[in-house]
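J.: quick one, fold the following:
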Amino acid sequence: MGRDKALLPWHGGTFLSAAIQVLQSVTELVIVVAGENEANLEPVANAQAAFLIRNPNPEQGQFSSLQCGLREVLNRGRDAAIVTLVDRPAAGIQTVEQIKDFFVSGLESIWTVVPEYSGRHGHPIVVGREMMEAFLRAPASGSARDVEHSHQKHVAYLPVTDPAVVANVDTPEDFANLNTGL
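T.: Modelled structure (predicted):
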(Lines give C-alpha, C1' and ligand atoms only; values in the text may rest on other atoms or scores of the structure.)
Protein backbone atom coordinates (compact mmCIF):
# COMPACT_ATOMS: atom_id res chain seq x y z
CA MET A 1 0.00 0.00 0.00
CA GLY A 2 2.87 2.35 0.66
CA ARG A 3 1.31 3.54 3.92
CA ASP A 4 -0.01 2.20 7.22
CA LYS A 5 -3.22 0.36 6.33
CA ALA A 6 -4.58 0.75 9.88
CA LEU A 7 -4.80 4.49 9.20
CA LEU A 8 -6.63 4.30 5.88
CA PRO A 9 -9.74 6.51 5.94
CA TRP A 10 -12.92 4.60 6.68
CA HIS A 11 -16.45 5.70 7.65
CA GLY A 12 -15.40 9.06 9.04
CA GLY A 13 -12.32 7.68 10.78
CA THR A 14 -9.77 5.00 9.99
CA PHE A 15 -9.72 1.21 9.78
CA LEU A 16 -8.26 1.24 13.30
CA SER A 17 -10.77 3.64 14.84
CA ALA A 18 -13.67 1.75 13.24
CA ALA A 19 -12.38 -1.57 14.61
CA ILE A 20 -11.98 -0.09 18.09
CA GLN A 21 -15.50 1.35 18.05
CA VAL A 22 -17.05 -1.95 16.97
CA LEU A 23 -15.12 -3.94 19.56
CA GLN A 24 -15.91 -1.47 22.35
CA SER A 25 -19.60 -2.07 21.75
CA VAL A 26 -19.28 -5.78 22.60
CA THR A 27 -16.24 -6.07 24.90
CA GLU A 28 -14.93 -4.73 28.20
CA LEU A 29 -11.64 -3.46 26.82
CA VAL A 30 -9.80 -3.08 23.55
CA ILE A 31 -6.09 -3.69 23.22
CA VAL A 32 -4.20 -2.51 20.14
CA VAL A 33 -0.82 -4.07 19.42
CA ALA A 34 1.59 -1.80 17.61
CA GLY A 35 5.05 -2.30 16.22
CA GLU A 36 7.23 0.27 14.52
CA ASN A 37 4.02 2.21 13.82
CA GLU A 38 3.36 2.82 17.54
CA ALA A 39 3.71 6.62 17.29
CA ASN A 40 1.21 6.73 14.42
CA LEU A 41 -1.36 4.46 16.08
CA GLU A 42 -1.12 5.94 19.57
CA PRO A 43 -3.25 9.07 18.91
CA VAL A 44 -6.03 6.97 17.37
CA ALA A 45 -5.98 4.41 20.19
CA ASN A 46 -5.92 7.14 22.85
CA ALA A 47 -8.76 9.08 21.20
CA GLN A 48 -10.87 5.91 21.25
CA ALA A 49 -9.94 4.97 24.86
CA ALA A 50 -8.21 1.77 23.75
CA PHE A 51 -5.07 0.38 25.37
CA LEU A 52 -1.98 0.42 23.19
CA ILE A 53 0.86 -2.01 23.74
CA ARG A 54 4.01 -2.43 21.71
CA ASN A 55 5.29 -5.66 20.26
CA PRO A 56 8.98 -5.49 21.23
CA ASN A 57 9.91 -7.70 18.27
CA PRO A 58 7.67 -6.74 15.35
CA GLU A 59 10.26 -8.09 12.91
CA GLN A 60 9.11 -11.56 14.02
CA GLY A 61 5.85 -10.96 12.19
CA GLN A 62 2.13 -10.73 12.71
CA PHE A 63 1.89 -13.88 14.84
CA SER A 64 4.26 -12.40 17.43
CA SER A 65 1.92 -9.40 17.68
CA LEU A 66 -1.02 -11.75 18.27
CA GLN A 67 0.95 -13.42 21.04
CA CYS A 68 1.74 -10.03 22.66
CA GLY A 69 -1.93 -9.10 22.61
CA LEU A 70 -3.07 -12.42 24.03
CA ARG A 71 -0.53 -12.24 26.86
CA GLU A 72 -1.94 -8.81 27.71
CA VAL A 73 -5.51 -10.19 27.64
CA LEU A 74 -4.54 -12.92 30.10
CA ASN A 75 -2.55 -10.47 32.25
CA ARG A 76 -5.71 -8.39 32.54
CA GLY A 77 -7.63 -11.40 33.89
CA ARG A 78 -9.69 -12.24 30.81
CA ASP A 79 -10.34 -15.78 29.57
CA ALA A 80 -11.48 -14.95 26.04
CA ALA A 81 -10.74 -12.39 23.36
CA ILE A 82 -12.11 -11.13 20.09
CA VAL A 83 -9.17 -10.82 17.71
CA THR A 84 -9.18 -8.81 14.52
CA LEU A 85 -6.70 -7.32 12.10
CA VAL A 86 -6.47 -3.54 11.90
CA ASP A 87 -5.32 -3.40 8.30
CA ARG A 88 -8.80 -4.06 6.89
CA PRO A 89 -12.31 -2.72 7.39
CA ALA A 90 -14.13 -3.66 10.56
CA ALA A 91 -16.96 -6.15 10.51
CA GLY A 92 -20.37 -4.83 11.47
CA ILE A 93 -21.43 -4.66 15.10
CA GLN A 94 -24.22 -7.19 14.53
CA THR A 95 -21.72 -9.62 13.00
CA VAL A 96 -19.32 -9.29 15.92
CA GLU A 97 -22.21 -9.75 18.36
CA GLN A 98 -23.30 -12.86 16.44
CA ILE A 99 -19.81 -14.39 16.61
CA LYS A 100 -19.44 -13.53 20.30
CA ASP A 101 -22.92 -14.83 21.19
CA PHE A 102 -22.23 -18.10 19.37
CA PHE A 103 -19.00 -18.53 21.34
CA VAL A 104 -20.59 -17.66 24.69
CA SER A 105 -23.55 -19.99 24.19
CA GLY A 106 -21.47 -22.71 22.54
CA LEU A 107 -20.13 -26.00 23.66
CA GLU A 108 -17.18 -26.37 26.01
CA SER A 109 -15.34 -28.19 23.25
CA ILE A 110 -15.35 -25.02 21.11
CA TRP A 111 -12.23 -22.95 21.72
CA THR A 112 -12.58 -20.65 18.74
CA VAL A 113 -15.31 -19.23 16.51
CA VAL A 114 -14.33 -18.09 13.03
CA PRO A 115 -16.75 -16.23 10.75
CA GLU A 116 -17.26 -17.63 7.28
CA TYR A 117 -18.54 -15.68 4.30
CA SER A 118 -19.07 -17.38 0.92
CA GLY A 119 -16.90 -20.29 2.00
CA ARG A 120 -14.00 -18.07 3.09
CA HIS A 121 -12.83 -17.76 6.69
CA GLY A 122 -12.33 -14.26 8.08
CA HIS A 123 -12.07 -11.91 11.06
CA PRO A 124 -12.76 -11.16 13.80
CA ILE A 125 -12.39 -14.47 15.58
CA VAL A 126 -13.29 -15.26 19.16
CA VAL A 127 -10.76 -17.31 21.09
CA GLY A 128 -11.12 -18.89 24.49
CA ARG A 129 -8.40 -19.51 27.02
CA GLU A 130 -7.51 -22.93 25.60
CA MET A 131 -6.81 -21.50 22.14
CA MET A 132 -5.02 -18.48 23.58
CA GLU A 133 -2.70 -20.85 25.42
CA ALA A 134 -2.18 -22.88 22.23
CA PHE A 135 -1.23 -19.69 20.38
CA LEU A 136 1.17 -18.73 23.17
CA ARG A 137 2.87 -22.15 23.20
CA ALA A 138 3.60 -21.93 19.47
CA PRO A 139 6.87 -20.37 18.25
CA ALA A 140 6.67 -16.68 17.35
CA SER A 141 7.67 -17.66 13.83
CA GLY A 142 4.50 -19.77 13.55
CA SER A 143 1.10 -18.77 12.27
CA ALA A 144 -2.38 -18.53 13.71
CA ARG A 145 -3.66 -20.65 10.83
CA ASP A 146 -1.27 -23.49 11.70
CA VAL A 147 -2.30 -23.44 15.36
CA GLU A 148 -5.99 -23.25 14.43
CA HIS A 149 -5.65 -26.20 12.06
CA SER A 150 -3.81 -28.28 14.64
CA HIS A 151 -6.83 -27.84 16.94
CA GLN A 152 -9.47 -28.13 14.21
CA LYS A 153 -11.89 -30.18 16.32
CA HIS A 154 -12.18 -27.19 18.68
CA VAL A 155 -12.94 -24.61 15.98
CA ALA A 156 -16.46 -23.64 14.89
CA TYR A 157 -16.97 -21.89 11.58
CA LEU A 158 -20.00 -19.62 11.70
CA PRO A 159 -21.65 -18.56 8.42
CA VAL A 160 -22.31 -14.80 8.37
CA THR A 161 -23.75 -12.39 5.81
CA ASP A 162 -21.15 -9.65 6.30
CA PRO A 163 -18.61 -9.46 3.44
CA ALA A 164 -16.34 -7.28 5.59
CA VAL A 165 -15.16 -10.38 7.47
CA VAL A 166 -13.20 -11.48 4.40
CA ALA A 167 -12.35 -8.06 2.94
CA ASN A 168 -8.64 -7.54 2.45
CA VAL A 169 -6.67 -4.53 1.29
CA ASP A 170 -3.19 -4.99 -0.10
CA THR A 171 -3.08 -2.41 -2.90
CA PRO A 172 -4.55 1.02 -3.68
CA GLU A 173 -6.79 -0.75 -6.20
CA ASP A 174 -8.09 -3.09 -3.46
CA PHE A 175 -8.89 -0.05 -1.34
CA ALA A 176 -10.68 1.71 -4.22
CA ASN A 177 -12.73 -1.44 -4.90
CA LEU A 178 -13.49 -1.79 -1.20
CA ASN A 179 -14.95 1.69 -1.06
CA THR A 180 -17.43 0.74 -3.78
CA GLY A 181 -18.06 -2.82 -2.61
CA LEU A 182 -18.96 -2.48 1.09
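
J.: all contacts plus neighbour counts: C-alpha atoms, from now on.
T.: OK.

J.: which of the helices and strands in the chain ranks last by mean pLDDT?
T.: helix 172-181 (a mean of 80; mean pLDDT, DSSP states H and E).

J.: how about that one: buried residues?
T.: By 16 or more other CA atoms under 10 Å, the buried positions in helix 172-181 come out as 175, 178.

J.: who touches the residue nearest the centre of the chain in this structure?
T.: Residue closest to the average C-alpha location in the chain (CA atoms, centre = their mean): residue 84, at 0.8 Å. Residues near residue 84 by CA atoms under 8 Å, 6 or more residues apart in numbering: 19, 123-125.

J.: helices - which of those land there?
T.: The helices, defined by DSSP state H, take in residue 19 from the contacts of residue 84.

J.: what residues are up against the closest residue to residue 80 other than its chain neighbours?
T.: Of all residues not flanking residue 80 in the chain, residue 128 sits nearest, at 4.2 Å (CA to CA, 6 or more residues apart in numbering). By CA under 8 Å, 6+ apart, residue 128 lies in contact with 79-81, 111-112.

J.: where does the protein have low pLDDT?
T.: 1, 179-182 (pLDDT under 70).

J.: any idea which helix is longest in it?
T.: Max-length helix for the chain by DSSP H is helix 62-75.

J.: how about that helix: buried residues?
T.: Going by 16+ other CA under 10 Å, helix 62-75 has these buried residues: 62-73.

J.: stretch 96-105 now?
T.: Residues 96-100, 102-103 are the ones in stretch 96-105 that count as buried (16+ other CA under 10 Å).

J.: what's in contact with that stretch?
T.: Residues outside stretch 96-105 that contact it (CA under 8 Å, 6+ apart): 22-23, 26, 82, 110, 112-115, 124-126, 158.

J.: returning to that earlier point: among the buried residues of stretch 96-105, which lie within helices?
T.: Of the buried residues of stretch 96-105, the ones assigned to helices by DSSP H are 96-100, 102-103.

J.: quick check, nearest of those to residue 173?
T.: Nearest to residue 173 among those: residue 96, at 26.8 Å, using CA to CA.

J.: how near is that closest one to residue 2?
T.: 29 Å (CA to CA, to the nearest Å).
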